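Novice: sequence unknown, structure follows:
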């Protein structure tokens, strides 16, 4: 029988793997029952569910508990968003990755953010070493925030993303998550410029799944957008019930990422 780690790698070889990122075990079971071939967490959604803003604020024991609870109830591969490893201390990053694998993950997302790409190179190398010691073929999805955080001028984004992709691949990455890219010609250039499976984030204005597949994209992620809608819906339903004693679902709309994150900011108990 094929192992979950091998299965997850194979899911990136052909077609388009669509992942509807979840926050907890119940959400994981829902998407598995809907036919998802794998389950992915959203770091933001997991943090919000525990009462913390996104951005390296979630206590690691809460993350590991979440991973364990999800792995316990699903039979498909699980990949976990670990932000930037929740630290720039490589020893702490190593401990986290080891714990995430032990809890049942066969894949991770790990990002560079505004830090020098060389730092993510070291984290990827460490992740590969730890996975090897645990005899797990960990799928390391290297997320670069060149687009999402506008790290370079627009005209340089493709070249910079591909430069980082080469660094991350040499360090042991298995996939490239170009979060924030939307333009068809840029997506095509990225897919043609690296042999890594390319992952994009499901944002407004993105080409259709069929078009993405034709361009060479191998993975499409919802990110935190499902959680944003759920919190917006919860707010509208709660408001309706508080005011009328009934649940009115006619005018539901999503919260934005910023609105949910601001709710949980330490200084702003909104």
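Specialist: That came through, no problem. Treat the numbers as computed from the prediction; the structure is a model and nothing was measured. Numbering: from 1, shown residues only.

Novice: Make sure I have this right: residue 105 is in a helix.
Specialist: No - assessed with DSSP: H, G, I helix; E, B strand; the rest coil, residue 105 is coil; it does not lie in a helix.

Novice: got a list of what the residue nearest to residue 145 when sequence neighbours are not counted touches?
Specialist: Of all residues not flanking residue 145 in the chain, residue 113 sits nearest, at 5.3 Å (Cβ to Cβ, 6 or more residues apart in numbering). C-betas here are computed from N, CA, C, even on glycine. Counting by Cβ atoms under 8 Å, 6 or more residues apart in numbering, residue 113 touches 84, 145, 149.

Novice: So among these, which ones count as buried?
Specialist: Buried members of the contacts of residue 113, counted by 16 or more other Cβ atoms under 10 Å: 84, 145.

Novice: just the contacts of residue 113 now: which is nearest residue 72?
Specialist: residue 84 (26.7 Å; Cβ to Cβ).

Novice: so residue 261 makes contact with residue 53?
Specialist: Yes - contact criterion Cβ atoms under 8 Å: residue 261 and residue 53 qualify, at 4.8 Å.

Novice: which of these two has more neighbours?
Specialist: Neighbours per residue (other Cβ atoms under 10 Å) separate residue 261 from residue 53, with residue 261 holding more: 21 against 18.

Novice: care to break the protein down by domain?
Specialist: As given by automatic domain parsing, the domain ranges for the chain are 4-223, 224-270.

Novice: looking at those, which has the lowest confidence?
Specialist: Note on the domains of the chain: domain 224-270 shows the lowest mean pLDDT, a mean of 85.

Novice: Could I get the contacting residues of residue 39?
Specialist: Neighbours of residue 39 in contact, by Cβ under 8 Å, 6+ apart: 19, 22, 28, 31-32, 70, 74, 76-79.

Novice: Out of the residues you listed, which comes closest to residue 38?
Specialist: Nearest member of the contacts of residue 39 to residue 38, counting by Cβ to Cβ, is residue 77, at 4.4 Å.

Novice: quick one, helices of the stretch 51-200 of the chain?
Specialist: Along the stretch 51-200 of the chain, the segments classed as helices by DSSP state H, counting those that start in this stretch run 60-73, 90-103, 117-133, 157-171, 184-193.

Novice: what's the most buried one of the domains of the chain?
Specialist: Burial of the domains of the chain is given as mean neighbour count (mean count of other Cβ atoms under 10 Å); domain 4-223 ranks first at a mean of 19.

Novice: That one spans what distance, first to last residue?
Specialist: End-to-end distance of domain 4-223 (Cα to Cα, to the nearest Å): 22 Å.

Novice: So that it lines up with my notes, have the first residue be 691 from now on.
Specialist: All right, first residue 691 from here; so that's domain 694-913.

Novice: now it, how far from the centre of its chain.
Specialist: Centre-to-centre, domain 694-913 and its host chain are 4 Å apart (Cα atoms, centre = their mean, to the nearest Å).

Novice: circling back to that earlier point, in TSV, list the contacts of residue 803 along with distance to residue 939.
Specialist: Formatted as TSV, the contacts of residue 803 follow (distance: Cβ to Cβ, whole Å):
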residue	distance to residue 939
774	37
835	35
839	35
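
Novice: who's residue 729 bridged to?
Specialist: Bridge pairing for residue 729 (DSSP bridges) gives the partners residue 768.

Novice: and the gap between it and residue 756?
Specialist: 12 Å (Cβ to Cβ, to the nearest Å).

Novice: And for the chain, the residue most distant from the center?
Specialist: residue 934 (38.1 Å; Cα atoms, centre = their mean).
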